[in-house]
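A.B. asks: Need a 3D model of the sequence below.
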Amino acid sequence: MAAIKFERVSKVYGKIPAVKDADFEIRDKEFMVLVGPSGCGKSTLLRMIAGLEEISSGSLFIDDKLVNGLPPKDRDIAIVFQNYALYPHMTAFDNLAFGLKIRGLSKKEIKIKVDEAARILEIESLLDRKPKAMSGGQRQRVAIGRAIVRNPKVFLFDEPLSNLDAKLRGQMRIEIARLHQKLRTTIVYVTHDQVEAMTLGDRIAVMNKGEILQIDTPNNLYAHPKNLFVAGFIGMPPMNFVEGRIGKDQEGLYFQDHSKTLLARTPKRPELEPYLDRELTMGIRPEHIHPYPAKGVVHYAAFQAHIQFVERLGHESFAFSTLQDQQIVARLTPEETVEPLSEMALYFEIEKMHFFDKGTGEAVTGD
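C.D. replies: Below is the predicted model:
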């Protein structure tokens, strides 16, 4: 078992908190992604697991063992950094074998382990090369292989793909996902790229300013964000936001923006009743905005839009317009065609609207 458990773990540099009361568990064999903007504390959290950062307060357990004071070499973890950290004067084989030699393994054992890692990562042909003779993707494979040969309980990845170009990042994401399927070990993966997080993680922990704001599956994070930050951070293009207030008349509840434009009747949304005459932020995903009512959708809110720009990508298009001085982006299918600089109605799917308390940023739900 290689579960990792945080019990109110904090890290403070001087008087500056880097991680605040992390209290959660990473399950055995789980692929957990820590995601958030630069400086949010995700790498600090990873380095505390590795033993490279001391814990200011709280308790950290690996495999049910308290590891607060345990040195990195005794934690049975392996870490892959973004800069590869390969020895430039050594071949790929020697880079893979170096840690095993230090541990006193025989030449035969080392060769078996190195050959197995090379086979898994499909780098058998690179074993005689030095890092300068490899591409960025090949170097990263060797760096990952160096972790594999140790057969650790936990793999830690600290933004391992950030130095690669977009095409290589896509290929390496597939390789890392395949690696997890083969090894079935616990992986903790740090990234600021939410696309990487969504495609790799069994669960994702979204962080900001040292706090973990939500931990959930990729689908639940996307469909049920708990607050404004998560809603805006997860998804590309991000969720659209419009500020306004909840009102009520003889027809029931409605949401209107600050220009008094009625944006939506809100059928079957009893959770909004306590927010009557209060400020809320409405959020809606780009794919839930259409140039005409979509088949199978019952409740819509329409507003007149000036289409400023259309980004055509072949399999989809993005239409950019404004509402209440806020940019609104609609993700359109190839069948949903709009023209730039045109005036037309855009239709919001009311059931897909999210509402957030303007003061706290927390989602308004029926729970």
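
A.B. asks: Can you report how many residues lie near the closest residue to Asp357 other than its chain neighbours?
C.D. replies: The shortest distance from Asp357 to any residue other than its chain neighbours is 6.1 Å, reached at Val364 (C-beta to C-beta, 6 or more residues apart in numbering). Where C-beta positions appear, they are placed from N, C-alpha and C, glycine not excepted. When counting by other C-beta atoms under 10 Å, one arrives at 20 neighbours for Val364.

A.B. asks: Quick check: the gap between Val364 and Asn163.
C.D. replies: Per C-beta to C-beta, to the nearest Å, Val364 is found 41 Å from Asn163.

A.B. asks: Over to Leu86?
C.D. replies: 13 Å.

A.B. asks: Also Ile148?
C.D. replies: Taken as C-beta to C-beta, the span from Ile148 to Asn163 is 20 Å.

A.B. asks: if you count what's nearby, which of these two comes out ahead?
C.D. replies: Ile148 (24 against 16).

A.B. asks: which residues sit in contact with Ile176?
C.D. replies: 144, 157, 160, 189, 200 (C-beta atoms under 8 Å, 6 or more residues apart in numbering).

A.B. asks: repeat that with 10 Å
C.D. replies: 31, 80, 140, 144, 155, 157, 160-161, 187, 189, 196, 199-200 (C-beta atoms under 10 Å, 6 or more residues apart in numbering).

A.B. asks: Tell me the secondary structure at it.
C.D. replies: Ile176 carries the three-state label helix when classified by DSSP: H, G, I helix; E, B strand; the rest coil.

A.B. asks: just Lys182 next, same as before
C.D. replies: Going by three-state DSSP: Lys182 is helix.

A.B. asks: Let's verify Glu7: helix, strand, or coil?
C.D. replies: Once three-state DSSP is applied, Glu7 turns out strand.

A.B. asks: correct me, but it touches Val67?
C.D. replies: No: in this structure Glu7 lies outside contact range of Val67 using C-beta atoms under 10 Å: 11.9 Å.

A.B. asks: More neighbours: these two, which one.
C.D. replies: Legend: neighbour count by other C-beta under 10 Å for Glu7 and Val67, higher for Val67 (22 against 15).

A.B. asks: Surely the more buried one is in contact with Gly58?
C.D. replies: No: applying C-beta under 10 Å as the test, Val67 and Gly58 come out as separate, 11.9 Å apart.

A.B. asks: hmm, back to that, who touches both of Leu86 and Asn163?
C.D. replies: In contact with both Leu86 and Asn163: 139-140, using C-beta under 10 Å, 6+ apart.

A.B. asks: How is the protein partitioned into domains?
C.D. replies: When the chain is parsed with automatic domain parsing, its domains come out as 4-229, 240-357.

A.B. asks: hey, least reliable of those domains by pLDDT?
C.D. replies: When those are compared by mean pLDDT, domain 240-357 comes last with a mean of 85.

A.B. asks: buried sites along the helix or strand containing Leu346?
C.D. replies: Using DSSP states H and E, the element containing Leu346 is strand 343-349. By 16 or more other C-beta atoms under 10 Å, the buried positions in strand 343-349 come out as 346-349.

A.B. asks: got it, and stretch 285-298?
C.D. replies: Neighbour-count burial for stretch 285-298, counted by 16+ other C-beta under 10 Å, picks out 285-291.

A.B. asks: is Val310 in a bridge, and if so with what?
C.D. replies: Ala319 (DSSP bridges).

A.B. asks: one step back: okay, and the common contacts of Val67 and Gly58?
C.D. replies: Met48.

A.B. asks: circling back: out of the domains of the chain, deepest packed?
C.D. replies: Most buried of those by mean neighbour count (mean count of other C-beta atoms under 10 Å) is domain 4-229; its value is a mean of 18.

A.B. asks: Show the end-to-end separation of it, please.
C.D. replies: End-to-end distance of domain 4-229 (C-alpha to C-alpha, to the nearest Å): 26 Å.

A.B. asks: where exactly do the strands run in the stretch 1-150 of the chain?
C.D. replies: Ranges of strands in the stretch 1-150 of the chain, per DSSP state E, counting those that start in this stretch, are 4-13, 16-22, 25-26, 31-35, 57-62, 65-66, 77-80.

A.B. asks: Which stretches in the stretch 251-367 of the chain count as helices?
C.D. replies: With helices called from DSSP state H, counting those that start in this stretch, the stretch 251-367 of the chain shows none.

A.B. asks: any idea how far Gly252 is from Pro270?
C.D. replies: 11 Å.

A.B. asks: quick one: contacts for Phe356?
C.D. replies: Phe356 neighbours (C-beta under 10 Å, 6+ apart): 225-229, 231-232, 239, 241, 243, 280-283, 362-364.

A.B. asks: Mind checking which of those residues are in strands?
C.D. replies: 241, 243, 280-283 (DSSP state E).

A.B. asks: with those in mind, which one is nearest to Lys113?
C.D. replies: Nearest to Lys113 out of the ones in strands among the contacts of Phe356 is Gly283 (C-beta to C-beta; 49.7 Å).

A.B. asks: Run through the bridge partners of the closest one.
C.D. replies: Gly283 has these beta-bridge partners by DSSP bridges: Phe241, His354.
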